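# this one's structure only:
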């Protein structure tokens, strides 16, 4: 047996070896090939396995990577979606307002429609509304011109406003529409009724000249909001010859509205029961349905046609009317009583109390007037201070028109953030608030409301706390409150489209901290009763969020600096781009807006907010350290001077990219005009003026704009009593060539290059010279503060305090006697009222100036 099958064998014969060699070779080759093939297959399998494993790992890695990318993209877009929703997401689900509607029956009904000359509604989101219109046939013009309904500057009335109003139970108003004097009043009677009780309203008209029209047409209407759940019906029958409206709504239950002629002769009666397209179109609906009537004597009257249940001239799918108006044309002198009687909650046959009319109403109204006048004197003590009867009447009217102008609105603002491509609706919410002007600004403004609260809180702490609660229910999750509240169709109809959208990057002065400071310093005892302390506890986290929003979103590049966001950096229409968010609108800032600006007034507002937050935190037992530290840092006079005190003028100023060398002028025409090209054709329209910068701006103190902004360290009492800068401000404040006038402090120095300059071709100067009462009130308050602290400037402060306070009171009273109105602003050279009227928002602070209540 061979030891090695593949080797030679010596014992094998030679011949035999030779004959078998080719076959062995082939076998060996075959075996080798087979072995090689097997090895290759084995290697190939190994390589294939290795490749498959690597491919699988690589594929898994790619899948993981793609998954992570998709997740990141989804997270990114999800985050963008989250950012988009933040602007219209409420702060939380807890409401500040706990008692509203029928939960607070005393304030359920009220004159909560300040945009109308006289209107009533409830504090329900979708309240039934009532109101007054009037006209004389000789003044009736196209489109309803001559019909008085909404307060309108164009009506050119000789005066109107509440003369008595307590904010709760009654009000009395005088309207002078020559030749007529119209008095409107109402008194509420609760009688323990479960639907807010009853009330009586009175409309009295007398001719004050005896020379013009002897008749007037009065229209009282009842209307349902688009979403009011209820119905109304006109009634008049033999058993009850006086016309009326019966109805029922979810909030009011069943009710009756009746009309009672108390004095005078009715010439003609008519009514309209129809479908009005909107609460903002009630006057237009009336006018479109006017008809001519003749009585049996042949006398012709304009009247209403009765039942016209149609919409836009076509039958409506809903035959139920949402608008009923009763017109009474009467010979003056004439008095009409209108009663609202709640008839729900009584069993069949049970006697239902009726609100008083005639002599009984006169007596109850007089009782209310006497109580109001006594309370007014106890609150403000003007008689004790020696004011004359006419001056006290003026102060009473000013106060009454502010508190009587408190409205109740419901709707959703239109808002936008940098994360939303288009404006989005805010959440729907109610707002109980005073308004600056019934004719021009009949809606809520954030920075105005803090000033309103200074007067309202002196009269009724609970009304003011309720107003604050309503405003802070509008706080979003970011800590932002829209600065202008345009809620509901009636409010929206009064606002130009360009001002409707509110942007969440834009602030407004946090003046509610002024109100809170007054509550904490002067009404602390009242706050400890009736659950008011609990209201402050609920308010506290919202105040924290509000403060944090200001302290972060409005922060400047350097620690301790702030700037009002929202100035237009690219506009060429404006001489100095407005800072609407500051509340001072066209007050001149740095000529070329940038993010490096420093605004001294905003720094002072945030310092005030921090100090009030510190005081409130201490009162509530919260952590107050950070607020005290922030307030201390921001009121540090050395740091304030470093950032905002111009070393040359020694005035506090803004800092930014600025040049005084700007002007407005028409740009040159694009093409040359041929001589005589305009003859016989349309005149060439000159392009609008635009701003031209004559000298390049550079970063510096805006030292040529001495005015209200420069005074803020004094106005908010943040200067040390012995500061040389305080002394300098007092001297310059009293300089007639700078801010001083015989009528108050002008808003911008006479030597400023922007003094009384138009900001655009179409915008007259607003905060560039005229006198504003809110800032003058702060100045008088601050002067009194510094005058009480012994120091080098106390005597000067006391002297200016007396002069400035006297000038303001005398001029506002003088202009009221001359024109019948309190005004938005006053001319710094003549003292005459300017802007809109009546402006019984912060201009009513004249009452506190008279009372010396700060």
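Sure, I can see it. Quantities reported herein were computed from a predicted structural model and do not represent experimental measurements.
# what about the helices in the stretch 601-750 of the chain?
If you assign secondary structure with DSSP state H, counting those that start in this stretch, the helices in the stretch 601-750 of the chain sit at 625-634, 637-644, 708-715, 724-733.
# which helices and strands does the second one pack with?
In this case it means helix 637-644. Contacts of helix 637-644 with other secondary structure elements, assessed using 3 or more C-beta pairs under 8 Å, 6 or more residues apart in numbering; DSSP states H and E, are made with helix 600-620. For glycine as for every other residue, the C-beta is placed from the backbone atoms N, C-alpha and C.
# now do the helix it packs on against helix 637-644, angle only.
Relative orientation of helix 600-620 and helix 637-644, computed by axes from the mean of the first three to the mean of the last three C-alpha atoms, to 10 degrees: 150 degrees.
# returning to that earlier point: of all the helices of the stretch 601-750 of the chain, which one is nearest residue 73?
Proximity of the helices of the stretch 601-750 of the chain to residue 73 was assessed by C-beta to C-beta; the nearest stretch is helix 625-634, lying at 38.8 Å.
# make JSON lines out of the helices of the stretch 601-750 of the chain and add mean neighbour count and mean pLDDT.
As requested, those are exported to JSON lines (neighbours: other C-beta atoms under 10 Å; pLDDT from 0 to 100):
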{"stretch": "helix 625-634", "mean neighbour count": "16", "mean pLDDT": "97"}
{"stretch": "helix 637-644", "mean neighbour count": "17", "mean pLDDT": "98"}
{"stretch": "helix 708-715", "mean neighbour count": "26", "mean pLDDT": "98"}
{"stretch": "helix 724-733", "mean neighbour count": "18", "mean pLDDT": "97"}
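# residue 201: which of those helices is closest?
Closest approach to residue 201 among the helices of the stretch 601-750 of the chain (C-beta to C-beta): helix 708-715, 42.3 Å.
# other SSEs contacting the closest one?
helix 600-620, helix 724-733, helix 773-787.
# rerun at 6 Å
helix 600-620, helix 773-787 (3 or more C-beta pairs under 6 Å, 6 or more residues apart in numbering; DSSP states H and E).
# I'd like the helices of the stretch 601-750 of the chain written out as a markdown table, with distance to residue 760 added.
Output for those, formatted as a markdown table (distance: least, C-beta to C-beta, whole Å):
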| stretch | distance to residue 760 |
| --- | --- |
| helix 625-634 | 34 |
| helix 637-644 | 28 |
| helix 708-715 | 21 |
| helix 724-733 | 30 |
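# on that earlier part again, let me have the helices and strands packed on helix 708-715 in TSV, extended by distance to residue 531 and mean neighbour count.
Supplementary listing: the helices and strands packed on helix 708-715 in TSV, determined by distance: least, C-beta to C-beta, whole Å; neighbours: other C-beta atoms under 10 Å:
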stretch	distance to residue 531	mean neighbour count
helix 600-620	14	23
helix 773-787	30	23
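# now those as JSON lines including mean pLDDT and distance to residue 658?
Written out in JSON lines, the entries for the helices and strands packed on helix 708-715 read as follows (pLDDT from 0 to 100; distance: least, C-beta to C-beta, whole Å):
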{"stretch": "helix 600-620", "mean pLDDT": "98", "distance to residue 658": "14"}
{"stretch": "helix 773-787", "mean pLDDT": "98", "distance to residue 658": "23"}
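# now tabulate those in TSV and tack on distance to residue 85.
Converted to TSV, those look like this (distance: least, C-beta to C-beta, whole Å):
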stretch	distance to residue 85
helix 600-620	27
helix 773-787	36
